[in-house]
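J.: Show me how the following folds:
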Amino acid sequence: MLGKLKPLALLTVALTASLSTTTFASATNKEILIAPACLLKNASGDFKILAKLTNFVLLDTNKIGLTKLMEAKTKQKEPCGGFINVTDDYETLTAKKSVSTSETKAFLASFTQPAQAAKRSSYDIKYEKQVNQLLKTINPEDMWGDLTTLTNFKDRYANSDNGVKAANWLKTQIEAIAAANHRDDVSTYFIDTGKRYKQPSLVVKFGNATGAGIVVGGHMDTLDSNYSKKPGADDDGSGTVTVLETARVLLSSGMHFNKPIYFVWYAAEEEGLVGSGYVVKDFKAKKIPVDAVMHMDMTGYAYENDPTMWLMTDYVDPGLTNYFETLIQTYVKRPVGRSSCGYACSDHATWTKNGYPAAIAFEASFDNMNPYIHTTNDTMGNLSLTHMADYAKLGVAFVTELAEPMAG
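T.: I've put the predicted structure just below:
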């Protein structure tokens, strides 16, 4: 997730980035990135512009250039956004032929113009009894314990053994919950993140129903910890455990649903939404229909203990975002705010780009988000367990209402 760092934190991450040429890939490795033009104002590096539109550029750079863009994201004073790593897609495009200028521009445009999602007539509140029953079973202490485990990894970087271990730990947790509740309708599987990243994304399917599914997810990775630990408590350990608690509540409920439910933990979000790109490709290749997508990126930092729950307005489905607000008002009973985070600020943008209705719930406004992310100071001591639990309530309400519990 993008963010703004305090001066000391900015110095720390800048020094770390300048010292690190990464353990797993040399600085000469090619990276093809799509970024908003405004992001380049705060970035200096070896950037070759392959194509340009009014507000976006297609860049040819290397690992150091990618790191410089990561730094630029943290320096934003106004919402600009992040970047999408399209290296694998571009290599596929250019593998067998030379590509014209118009084809390159069309490639760039395909990642900056979201496909139109099918319009839904309405989102309704139908299952208040069931939702309120489930909300009573949310266990904040479990969330805190899970977050403690995640932050004990030195990092959860997408190209480290720790990143793989974190993915395996999440898979083990889900399988244990399913076994403890005698669920035979839960399956787990990994989706590889191309050939350049070790960490896979994790998908959990709950239910044997067919038809359009309900997706709720967050990213599990952090930056690299070459020179300092990256606990990633908030970014995105908080979203990771919020999704995990949502899954625990539903898998432990004894309920069955009319629609399949998918819980997803994405790899390599920090590298440019790489993991979610492969997840969405997998859903499309398998022709898995999706009714709605909820994304949780950072749910733990409550600015000045403000309980307001925030919804981002960039690259989202407006109707679904409005429904999130209705769910919060109905079930969580907290104030709701709207804010902007810019282009490709998290994995919801990948779903939106591909024509799926997606929306994102976030911890604070852009101006008041956690200033410690991407540093060794992104620790649990800066987070509010109450705030995290509120987002778990939203997750449970979202899934229950849209997946439609069966009678009996």
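
J.: The spatially closest residue to residue 376 that is not a sequence neighbour: how many residues sit nearby?
T.: Closest residue in space to residue 376, ignoring its immediate chain neighbours: residue 228 at 4.4 Å, by C-beta to C-beta, 6 or more residues apart in numbering. C-beta: built from backbone N, CA, C; applies to glycine. Residue 228 has 19 neighbours, counted by other C-beta atoms under 10 Å.

J.: wouldn't residue 228 be in contact with residue 378 here?
T.: No. Using C-beta atoms under 8 Å, residue 228 is not in contact with residue 378; the gap is 10.8 Å.

J.: Low-confidence stretches in the chain?
T.: For the chain, the stretches flagged by pLDDT under 70 are 1-28, 408.

J.: ok, 80 please
T.: 1-28, 118-119, 121, 408 (pLDDT under 80).

J.: quick check: domain ranges of it?
T.: The chain breaks down into these domains under automatic domain parsing: 7-110, 128-403.

J.: Can I get those domains in a markdown table including distance to residue 118?
T.: Shown next, in a markdown table, are those (distance: least, C-beta to C-beta, whole Å):
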| stretch | distance to residue 118 |
| --- | --- |
| domain 7-110 | 19 |
| domain 128-403 | 7 |
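
J.: Indicate which one of these is closest to residue 122.
T.: Comparing these by their distance to residue 122 (C-beta to C-beta), the top pick is domain 128-403, with 8.3 Å.

J.: distance of the residue nearest to residue 48 when sequence neighbours are not counted from residue 183?
T.: Of all residues not flanking residue 48 in the chain, residue 60 sits nearest, at 4.1 Å (C-beta to C-beta, 6+ apart). Computed as C-beta to C-beta, to the nearest Å, the residue 60 to residue 183 distance reads 47 Å.

J.: who's more crowded, the two?
T.: Each of residue 60 and residue 183 has its neighbours counted (other C-beta under 10 Å); residue 183 has more, 20 against 16.

J.: tell me the secondary structure for that one?
T.: Here residue 183 is coil, with the state taken from DSSP: H, G, I helix; E, B strand; the rest coil.

J.: check contacts around it.
T.: Residues in contact with residue 183, defined by C-beta atoms under 8 Å, 6 or more residues apart in numbering, are 206, 251.

J.: what do you get if the cut-off is 10 Å, keeping everything else the same?
T.: Applying C-beta atoms under 10 Å, 6 or more residues apart in numbering to residue 183 gives the contacts 174-175, 177, 206-207, 250-254, 256.

J.: Could I have the buried ones of those as PyMOL selection syntax?
T.: Per 16 or more other C-beta atoms under 10 Å, the buried members of these correspond to this PyMOL selection:
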select buried, resi 174+177+206+207+250+251+252+253+256
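
J.: Closest one to residue 403 out of the contacts of residue 183, please.
T.: Once C-beta to C-beta is applied, the member of the contacts of residue 183 that ends up nearest residue 403 is residue 207, at 7.5 Å.

J.: Now that closest one: phi and psi?
T.: Here is the backbone geometry of residue 207 (degrees, to the nearest 10): phi 110, psi 150.

J.: In three-state terms, how would residue 263 be classified?
T.: Put simply, residue 263 is strand when judged by three-state DSSP.

J.: give me the number of residues near it?
T.: 27.

J.: Next, the contact list for it, please.
T.: Going by C-beta under 10 Å, 6+ apart, residue 263 touches 170, 174, 186, 188, 202-206, 214-218, 243-244, 246-248, 250-251, 395, 399.

J.: And the helices in this protein?
T.: 7-19, 37-40, 63-74, 87-94, 101-110, 128-135, 140-152, 161-180, 239-251, 274-285, 318-327, 348-353, 385-403 (DSSP state H).

J.: Packing partners of the fourth one?
T.: Helix 87-94 sits against strand 31-36, strand 56-61, helix 101-110, helix 274-285, with contacts defined as 3 or more C-beta pairs under 10 Å, 6 or more residues apart in numbering; DSSP states H and E.

J.: So which of those has the densest surroundings on average?
T.: Counting by mean count of other C-beta atoms under 10 Å, strand 31-36 has the highest mean neighbour count of the helices and strands packed on helix 87-94, with a mean of 24.

J.: Direction included, what does it pair up with?
T.: strand 56-61 (antiparallel), strand 84-85 (antiparallel) (DSSP bridges).

J.: so which of the ones you listed gets nearest residue 304?
T.: strand 84-85 (32.9 Å).

J.: what's next to the closest one, contact-wise?
T.: 31-35, 56, 66, 69, 111-112, 194, 196-197, 268, 270-274, 276-277, 343-344, 349-350, 353.

J.: Distance to residue 337 added to the helices of the chain, as JSON lines?
T.: As requested, the helices of the chain are exported to JSON lines (distance: least, C-beta to C-beta, whole Å):
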{"stretch": "helix 7-19", "distance to residue 337": "24"}
{"stretch": "helix 37-40", "distance to residue 337": "23"}
{"stretch": "helix 63-74", "distance to residue 337": "22"}
{"stretch": "helix 87-94", "distance to residue 337": "35"}
{"stretch": "helix 101-110", "distance to residue 337": "32"}
{"stretch": "helix 128-135", "distance to residue 337": "22"}
{"stretch": "helix 140-152", "distance to residue 337": "22"}
{"stretch": "helix 161-180", "distance to residue 337": "30"}
{"stretch": "helix 239-251", "distance to residue 337": "18"}
{"stretch": "helix 274-285", "distance to residue 337": "25"}
{"stretch": "helix 318-327", "distance to residue 337": "10"}
{"stretch": "helix 348-353", "distance to residue 337": "17"}
{"stretch": "helix 385-403", "distance to residue 337": "13"}
